[in-house]
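Q: coords please:
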Amino acid sequence: MTRPPTHTPRARLIGGGIAACALLVSVPAAALQWNFKVMLDQRLIGHHRFEQEDVGALRRVVSRAQFSVEWLRIPVFRYRHEDDETWRDGCLDRLDANTHTNGHLEKVTGRREADGFTVQGAQGQMRHRGCVMSFAYWDKRILTQPALLNAQTGAYTPIQVESQGNESLTVAGHVESAERYLLKAGDLRIQLWYSPDGRWLQLAAPTRDGRQMLYQLEP
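A: Predicted structure coming up:
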């Protein structure tokens with residue numbers, strides 16, 4: 001008999017980067033979207049959607065993730081992450097995120113100020129100097145950062161990135177050339193795939209109980 005998961009899927013940094021307070025009611029034709037189905041050991045558990053809109057010097061990225069894991073048709077893990085971010089000149093200008101994990105709510109807010117970026121989260125208020133970026137997998141430039149902001153917890157986490165070479169990847173039914181990277185953040189090991197022109201194609205990461213979470217881009 002299949003046993004229920006002993007640990008919840010590791011969604012904190014995956015969804016937190018990600019992974020909006022609400023989806024945009026209407027999306028302009030010039031806006032970009034990423035729609036991912038989320039698999040746990042090849043089993044569909046939910047979706048994560050991103051919408052990007054550029055308005056003048058500002059870039060707004062709104063995302064929503066919703067996962068549900070069941071055992072014997074009984075939900076044993078529920079996760080919903082909503083994140084609304086505004087970017088200016090490639091750096092975070094504002095962040096508002098709400099995360100519900102099995103009914104537990106976490107709220108994180110952030111604002112750019114003259115002396116840095118101020119974050120309010122479970123760890124209290126913290127201020128970070130310089131250009132702050134979240135786990136914004138849709139922007140390949142995060143791979144050059146020394147640390148990234150977790151939109152779920154408010155933690156500013158040092159990262160290391162290793163290139164894993166090039167490979168062919170099936171994306172939304174089409175085979176594409178992809179560049180693969182390993183992003184290390186604490187004990188997390190996140191695999192990321194990008195096209196040669198920098199488009200985010202796929203994500204994979206192990207969970208605490210040894211399962212595999214996979215983001216696959218949908219048409």
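
Q: Distance check, residue 91 against residue 37.
A: Distance from residue 91 to residue 37, counting by Cβ to Cβ, to the nearest Å: 30 Å. (Glycine included, C-beta is placed from N, CA and C.)

Q: What is the helix or strand containing residue 87 packed up against?
A: If you go by DSSP states H and E, residue 87 is part of strand 74-88. Counting contacts by 3 or more Cβ pairs under 8 Å, 6 or more residues apart in numbering; DSSP states H and E, strand 74-88 packs against strand 58-71, strand 91-101.

Q: Okay, now the sheet partners of the strand or helix carrying residue 112, with direction.
A: Assigned by DSSP H and E, residue 112 falls within strand 104-113. Here strand 104-113 has these sheet partners by DSSP bridges: strand 91-101 (antiparallel), strand 116-121 (antiparallel).

Q: Any regions of this protein where pLDDT drops low?
A: Scanning the chain for pLDDT under 70 picks out 1-30.

Q: try it again with 80
A: Residues of the chain that meet the criterion pLDDT under 80 lie in 1-31, 72-75.

Q: number of nearby residues for the closest residue to residue 112 other than its chain neighbours?
A: Nearest non-adjacent residue to residue 112, counting by Cβ to Cβ, 6 or more residues apart in numbering: residue 93, 4.8 Å away. Residue 93 has 18 neighbours, counted by other Cβ atoms under 10 Å.

Q: Residue 195 too?
A: The tally of other residues near residue 195 (other Cβ under 10 Å) stands at 15.

Q: which ones are touching it?
A: Contact analysis of residue 195 by Cβ atoms under 8 Å, 6 or more residues apart in numbering lists 176-179, 201.

Q: What distance do you get for it to residue 167?
A: Taking Cβ to Cβ, one finds residue 195 at 12 Å from residue 167.

Q: Quick check: neighbours shared by those two?
A: Here residue 195 and residue 167 have 177-178 as joint contacts, going by Cβ under 8 Å, 6+ apart.

Q: In the chain, mark out all the helices, start to finish.
A: All helices of the chain, identified by DSSP state H, fall at 12-13.

Q: now residue 155, nearest residue through space, not along the chain?
A: residue 123 (6.6 Å).

Q: ignore the last one, residue 141
A: Counting by Cβ to Cβ, 6+ apart, residue 90 is the residue found nearest to residue 141 once chain neighbours are left out, at 6.3 Å.

Q: Hmm, that neighbour is touching residue 131, no?
A: Yes. Between residue 90 and residue 131 there is a contact under Cβ atoms under 8 Å: 6.8 Å.

Q: which one of the two has more residues nearby?
A: Higher neighbour count among residue 90 and residue 131: residue 131, with 14 against 11, using other Cβ under 10 Å.

Q: Contacts only, for the more buried one.
A: Contacts of residue 131 by Cβ under 8 Å, 6+ apart are 89-91.

Q: OK, contacts around the residue nearest to residue 155?
A: Neighbouring residues of residue 123 by Cβ under 8 Å, 6+ apart: 153-155.

Q: so how far is residue 105 from it?
A: From residue 123 to residue 105 the distance is 16 Å (Cβ to Cβ).

Q: Which one of the contacts of residue 123 sits in the busiest neighbourhood?
A: Counting neighbours by other Cβ under 10 Å, the top entry in those is residue 154, with 23 neighbours.
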